[in-house]
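>>> Give me a 3D structure for the following:
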Amino acid sequence: MASSSKRPRPRASDDASDTDAAPEKSVLEQSAPEQSAPETPAGEARGTGDAPVPHVRVAVIGSGFGGIGAAVRLRRAGITDFVVLERAGSVGGTWRDNSYPGCACDVPSHLYSFSFAPNPDWPRSFSGQPDIRAYLERVTDVFGVRPHLRLDTEVTEARWDAGRTLWRITTTAGRWTADAVVSAAGPLADPRIPDLPGLDSFPGKVFHSARWDHGYELAGRRVAVVGTGASAAQIIPAIQPAVGRLTVFQRTPAWVLPRRDRTITALEKRLHRRLPFTASARRGALFALRELQVDAFVRRPGLLRVVQRLAERHLAAGVADPALRARLTPDYRIGCKRILLSNTYYPALSAANTEVVPGGLREVRGSTLVGADGSEHEADAIVFGTGFHVTDMPIGSRVFGTGGTSFAEEWKEGMEALRGSTVHGFPNFFFVIGPNTGLGNSSMILMIESQLNYLIDALTRLDGIGATAMQPTARAQRRWNLELQHRMDRTVWTTGGCRSWYLDRSGRNTVLWPGSTTSFRRATRRVDLTEYELILRREDRPGLPAAPATAAAPAATTETGEVLV
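Below you'll find the model as predicted:
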């Protein structure tokens with residue numbers, strides 16, 4: 001954190017599109033900068049006791065891709081007065097928490113990385129959890145983020161102080177105040193376990209896929225997996241050969257396509273290291289292919305019939321038993337729920353020691369699990385692959401804006417934000433992976449980088465006009481979401497005939513973006529100040545140094561992709 005209260009002049013903005021040229025050196029070829037001690041806070045706001053409360057310009061919540069990306073972009077914009085508050089003991093977000101057997105990404109590796117930090121050494125075309133987590137650790141080191149980290153620091157409350165125009169943040173490791181807050185906690189952070197009758201009385205082991213108990217040996221045991229989503233589709237093939245008996249409780253079958261995974265050769269890695277434009281070309285091709293798929297998901301779902309026939313053939317090839325095949329055939333259009341990629345899922349479900357129970361799990365009676373069809377199954381362990389709190393993010397009950405209203409109260413009728421980033425009534429609060437920014441077919445890193453463009457532009461605009469804070473107008477936010485939901489009406493997620501975790505209790509899709517990543521990049525390239533109410537800078541904020549009379553104007557943007565450490 002900077003020792004001066006003066007706002008540093010921003011460096012060049014990272015506004016390059018995904019297909020722009022990559023930096024000359026990959027992130028893994030750079031040496032990590034020398035780690036210095038955390039910088040001195042810009043100011044100190046007095047708390048209720050004698051101890052001073054440190055003040056920062058920006059507080060980032062979470063250290064997954066969104067939080068680490070925000071930290072890098074803040075530093076590259078010349079903003080070093082910030083902290084990253086992480087509740088766990090290390091960085092990584094969902095790629096730290098999800099360490100279950102078989103965990104891997106279903107987006108190609110060269111597209112699932114920051115554009116400013118290319119990695120020529122991905123081991124597979126679809127990399128596994130250990131490699132992705134190691135990549136994030138490396139980015140943290142190379143871009144000098146580690147001094148800003150505050151690990152084992154869970155945010156328990158963030159409250160807007162209108163009188164001092166700042167955020168008051170309470171954590172398990174102390175308090176901070178901040179001019180702005182960036183929530184990068186992510187939608188896949190807090191596991192959801194269904195409230196099943198009798199679950200508390202189960203005598204065996206119970207855990208969620210995102211809280212895997214590596215100390216518990218599954219070999220030879222009777223294991224029940226509840227759920228057949230993306231995580232379960234990776235767990236089931238990984239554990240099936242070792243367990244004694246595997247019972248899979250399937251509420252709704254998923255469409256599954258082949259996974260075109262392979263080892264990336266040493267020759268390819270050398271080529272990408274020595275000629276970085278080849279890695280950029282590879283990334284660009286992956287990007288373009290997924291952009292071409294968008295129309296089928298959001299405007300012309302009928303085009304997905306060809307893809308559905310491929311999935312049907314994949315099912316027929318993987319499952320010989322007609323009764324099981326019928327049980328595994330969805331009754332909705334492909335794409336309505338998340339499409340799974342696997343070459344091993346169907347063989348694992350067809351194995352002699354596996355049983356698929358339709359309709360899901362109804363109740364637990366001691367060590368007996370009762371399916372929705374009334375069948376009974378003995379189990380030693382239950383693994384829940386039942387997803388996360390997405391449309392009811394737990395952080396919503398911890399953040400309080402103007403008038404003391406929480407996000408949970410503001411969103412009781414459903415989540416919404418302006419451009420997925422800001423919410424009326426919560427000045428200087430920015431989301432990374434906010435409402436309606438999720439994807440059904442491409443890399444979330446593309447969306448994260450777009451929202452980071454928006455964040456940096458907002459902060460530099462505030463400096464340039466001498467304002468302290470900004471919040472979207474209620475009208476702009478409402479107009480944006482009305483148009484968004486109108487576009488959502490044509491998508492396969494709405495018309496495909498399924499009920500998915502994309503939908504909230506009222507049936508609205510408040511999770512996904514109904515367009516291409518290119519269109520979202522355009523929508524978040526610049527902050528439109530006509531959509532915002534500005535709170536002018538106050539010179540008498542108690543406990544803080546006086547702000548400068550004038551602020552440096554934002555620097556010109558660049559699209560060179562140059563790595564600035």
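>>> List phi and psi for Leu341.
When read as degrees, to the nearest 10, the backbone of Leu341 gives phi -120, psi 120.
>>> Look at it and say how many residues are nearby.
Look at Leu341: counted by other C-beta atoms under 10 Å, it has 20 neighbours. Every C-beta, even on glycine, is put in place using the N, C-alpha and C of the backbone.
>>> hey, where'd the helices end up in the stretch 51-200 of the chain?
Using DSSP state H, counting those that start in this stretch, the helices of the stretch 51-200 of the chain run over 65-76, 94-97, 129-142.
>>> Might you report the residue contacts of Asp106?
126, 230, 259, 340-341 (C-beta atoms under 8 Å, 6 or more residues apart in numbering).
>>> The helices of the stretch 51-200 of the chain: which one's closest to Asn436?
Among these, helix 65-76 comes nearest to Asn436, with 15.5 Å by C-beta to C-beta.
>>> still on that earlier bit, of all the helices of the stretch 51-200 of the chain, which gets the most neighbours per residue?
Of all those, helix 65-76 has the most neighbours on average by mean count of other C-beta atoms under 10 Å, namely a mean of 26.
>>> Tell me the confidence at the residue most central in space within the chain?
Central residue of the chain (C-alpha atoms, centre = their mean): Gly186, 4.3 Å from the mean position. Confidence at Gly186, expressed as pLDDT, is 85.
>>> for Gly440, same thing?
Gly440 is given a pLDDT of 85.
>>> For this protein, name the helix or strand with the lowest mean pLDDT.
Within the chain, confidence by mean pLDDT, DSSP states H and E is lowest for strand 43-46 among all helices and strands, at a mean of 46.
>>> Just send the contacts of Asp106 back as TSV, with pLDDT and distance to Ala134 too.
Below are the contacts of Asp106 laid out as TSV (pLDDT from 0 to 100; distance: C-beta to C-beta, whole Å):
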residue	pLDDT	distance to Ala134
Phe126	96	16
Ala230	95	21
Arg259	95	22
Leu340	97	25
Leu341	97	22
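>>> contacting residues around whatever helix or strand Val223 lives in?
Using DSSP states H and E, Val223 sits in strand 222-226. Identification of contacts with strand 222-226 by C-beta under 8 Å, 6+ apart yields 194, 232, 235-236, 239, 243-249, 360-361, 369, 377-386.
>>> quick one: the helices in the stretch 451-565 of the chain?
474-488, 492-495, 517-523.
>>> With respect to burial, which of the ones you listed scores highest?
Per stretch, and counting mean count of other C-beta under 10 Å, the top mean among the helices of the stretch 451-565 of the chain goes to helix 492-495, which has a mean of 22.
>>> Can you show me the CA trace of it as CSV?
C-alpha atoms of helix 492-495 as CSV (Å, rounded to 0.1, in the frame of the first residue of the first chain):
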residue,chain,number,x,y,z
VAL,A,492,-31.8,-22.4,-25.1
TRP,A,493,-31.4,-21.9,-21.3
THR,A,494,-35.0,-20.6,-21.3
THR,A,495,-36.6,-22.5,-24.1
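>>> hang on, the earlier thing: buried only: go through the contacts of strand 222-226 for me.
Buried members of the contacts of strand 222-226, counted by 16 or more other C-beta atoms under 10 Å: 232, 235-236, 239, 243, 245-249, 360-361, 369, 377, 379-386.
>>> Of the helices of the stretch 51-200 of the chain, which is nearest Leu446?
helix 65-76 (11.0 Å).
>>> where's that closest one relative to the chain centroid, distance-wise?
Computed by C-alpha atoms, centre = their mean, to the nearest Å, the chain-centroid distance of helix 65-76 equals 14 Å.
>>> outside of that helix, which residues touch it?
Residues from elsewhere that reach helix 65-76 (C-beta under 8 Å, 6+ apart): 11-12, 14, 58, 60-61, 63, 80, 82, 84, 86, 91, 93, 95, 114, 116-117, 136, 139-140, 143-145, 148, 182, 184, 186, 432-433, 444-445, 448-449, 451-452, 455-456, 564.
>>> Strands - which of these land there?
58, 60-61, 82, 84, 182 (DSSP state E).
>>> ok, so of those residues, who is nearest Arg175?
Ile61 (14.2 Å).
>>> what's Arg365 sitting at in phi/psi?
Per degrees, to the nearest 10, the backbone of Arg365 is at phi -120, psi 90.
>>> residues contacting it?
Counting by C-beta under 8 Å, 6+ apart, Arg365 touches 198, 201, 376.
>>> at 7 Å instead, please
Residues in contact with Arg365 (C-beta atoms under 7 Å, 6 or more residues apart in numbering) are Gly198.
>>> For it, report the pLDDT, please.
97.
>>> any idea how far it is from Gly401?
Per C-beta to C-beta, to the nearest Å, Arg365 is found 46 Å from Gly401.
>>> among the buried ones among the contacts of strand 222-226, which are in helices?
With helices taken from DSSP state H, the overlap with the buried ones among the contacts of strand 222-226 comprises 232, 235-236, 239.
>>> got CSV for those residues, with pLDDT and distance to Tyr100 too?
Output for those, formatted as CSV (pLDDT from 0 to 100; distance: C-beta to C-beta, whole Å):
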residue, pLDDT, distance to Tyr100
Ala232, 97, 9
Ile235, 98, 5
Ile236, 98, 11
Ile239, 98, 9
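>>> quick revisit: quick check: strands, which of the buried ones among the contacts of strand 222-226 are part of them?
Going by DSSP E, the strands hold 245-249, 361, 369, 377, 381-384 from the buried ones among the contacts of strand 222-226.
>>> Nearest to Ser99 among those?
Comparing those against Ser99 with C-beta to C-beta places Val383 closest, at 13.2 Å.
>>> Val206 is in contact with that closest one, correct?
No. Counting by C-beta atoms under 7 Å, no contact exists between Val383 and Val206, whose distance comes to 8.2 Å.
>>> quick one: low-confidence ranges for the stretch 401-550 of the chain?
Residues of the stretch 401-550 of the chain meeting the criterion pLDDT under 70: 537-550.
>>> quick one on the thing from earlier: output the helices of the stretch 451-565 of the chain as JSON lines; include the columns distance to Arg76.
JSON lines is the format used below for the helices of the stretch 451-565 of the chain (distance: least, C-beta to C-beta, whole Å):
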{"stretch": "helix 474-488", "distance to Arg76": "28"}
{"stretch": "helix 492-495", "distance to Arg76": "35"}
{"stretch": "helix 517-523", "distance to Arg76": "18"}
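>>> I'd like to know which of those is closest to Thr329.
Nearest of the helices of the stretch 451-565 of the chain (C-beta to C-beta): helix 492-495, 17.6 Å.
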